[in-house]
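Asks: Please find the sequence and the predicted model below.
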Amino acid sequence: MQRQSTVPEAPGPSLINVVVAGATGWVGSALVPAILAAPDLTLVGAVARRHAGQDVGTALGGSPVGVTVVPTVPEALAMADVLVEFTSATSVQGHVLAALDRGVHVVVGSSGLDPADDPRLDAHARERGLGVVVAGNFSLVATLAKRLALIAAAEMPGWEVVDYAAAAKPDAPSGTACEWAAALGAVHSQAAAVPVSAVVGHPQARGATIAGVQVHSVRVPGYVLSTALLAGAGDERLTIRYDAGQSPAPYLTGTLHAIRRVTSLRGLVRGLEQVWP
Ligand SMILES: NC(=O)c1ccc[n+]([C@@H]2O[C@H](COP(=O)([O-])OP(=O)(O)OC[C@H]3O[C@@H](n4cnc5c(N)ncnc54)[C@H](OP(=O)(O)O)[C@@H]3O)[C@@H](O)[C@H]2O)c1
């Protein structure tokens with residue numbers, strides 16, 4: 001993938017001290033062992049509320065690893081170079097600010113950071129000489145799908161984004177869909193045949209308008225996460241769709257890569273493609 005960022009870089013440390021917020025969650029419980037197994041990363045903190053006070057290794061059903069789970073992010077940051085954020089859409093912003101205020105770089109996996117807030121967070125990070133990598137999806141395949149969607153959108157006159165996830169997902173659209181919309185909206189503007197404001201019936205059925213792109217969120221049992229670009233031109237249609245599986249494994253390589261890159265960044269970048277490879 002081509003790197004599009006203009007964010008300045010500085011040399012990072014060779015051994016990186018990492019705190020995982022959301023260490024006992026679906027992603028966090030896979031990320032903790034991956035960090036423990038990485039020779040250049042040291043797990044120095046783990047955050048989650050219900051398992052607070054337990055060793056994180058024990059909390060995940062294994063042997064103790066010498067890191068106690070604490071219930072809040074500030075309590076975990078004393079020795080940290082990087083905070084990795086996989087908690088929830090409601091808590092992510094406070095955690096990012098807490099880390100930046102304590103001189104800690106941040107890798108954000110949680111959905112819920114509005115791309116419209118990126119310039120403010122970018123300035124906040126630059127003032128402190130820190131890096132932030134935000135990616136709605138750390139999967140390399142999802143990142144490839146986004147790249148293909150951008151290529152298609154540049155060639156097609158009209159397109160919309162459909163975001164599928166499990167019924168219980170609390171936020172909408174997904175972080176992946178928000179990022180697709182933000183990137184697609186910069187490709188070219190589309191003149192709607194019928195503006196949303198002029199729709200007869202229920203204009204909400206046309207979805208949310210994000211960065212000028214219509215995004216439709218479907219929340220149905222049985223889905224994990226799928227993101228699709230539906231494009232049309234004349235009498236032809238093209239669909240580019242990413243489908244996540246049941247395991248968090250696809251997100252690990254990209255997250256570990258972002259941890260290694262963020263210490264040398266200054267400011268915020270959004271999208272794994274900004275730091276991959
Ligand atoms: N970027 C990506 O590639 C990617 C991939 C998958 C998921 N995600 C996003 O990542 C986030 C986490 O997903 P998940 O499926 O792992 O969620 P999850 O299974 O619900 O896990 C959330 C974790 O965060 C902890 N937590 C939640 N709120 C907290 C708070 N206020 N303070 C401290 N700890 C808190 C939870 O433990 P307690 O409840 O005990 O505190 C748990 O350890 C979601 O926003 C999801 O959409 C991103």
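Replies: Yep, that arrived.

Asks: quick one, what contacts whichever residue of the stretch 1-150 of the chain sits closest to the ligand?
Replies: Nearest residue of the stretch 1-150 of the chain to the ligand (CB to the nearest ligand atom) works out as residue 25 at 2.0 Å. Where C-beta positions appear, they are placed from N, C-alpha and C, glycine not excepted. For residue 25, the contacting residues are 48, 86, 87, by CB atoms under 8 Å, 6 or more residues apart in numbering.

Asks: what are the phi and psi values for it?
Replies: Main-chain torsions, residue 25, degrees, to the nearest 10: phi -80, psi -170.

Asks: Model confidence score at it, please.
Replies: On the pLDDT scale, residue 25 is placed at 98.

Asks: now the helices for the protein?
Replies: Using DSSP state H, the helices of the chain run over 28-37, 56-59, 92-101, 118-127, 140-155, 175-185, 252-262.

Asks: Name the residues of the fourth one that are buried.
Replies: Judged by neighbour count (16 or more other CB atoms under 10 Å), helix 118-127 contains these buried residues: 118, 121, 122, 124, 125, 126.

Asks: which residues does the closest residue to the fifth one other than its chain neighbours form a beta bridge with?
Replies: Counting by CB to CB, 6 or more residues apart in numbering, the nearest residue to residue 125 once its immediate chain neighbours are dropped is residue 132, at 4.9 Å. According to DSSP bridges, residue 106, residue 268 are recorded as the beta-bridge partners of residue 132.

Asks: Give the burial count for residue 132, as a bare number.
Replies: 29 (other CB atoms under 10 Å).

Asks: tell me the contacts of it?
Replies: 96, 100, 105-108, 121-122, 125, 262, 265, 267-269.

Asks: so residue 52 sits right up against residue 69, yeah?
Replies: Yes. When contacts are counted by CB atoms under 8 Å, residue 52 is listed as touching residue 69 (5.3 Å).

Asks: Appreciated, that's everything.
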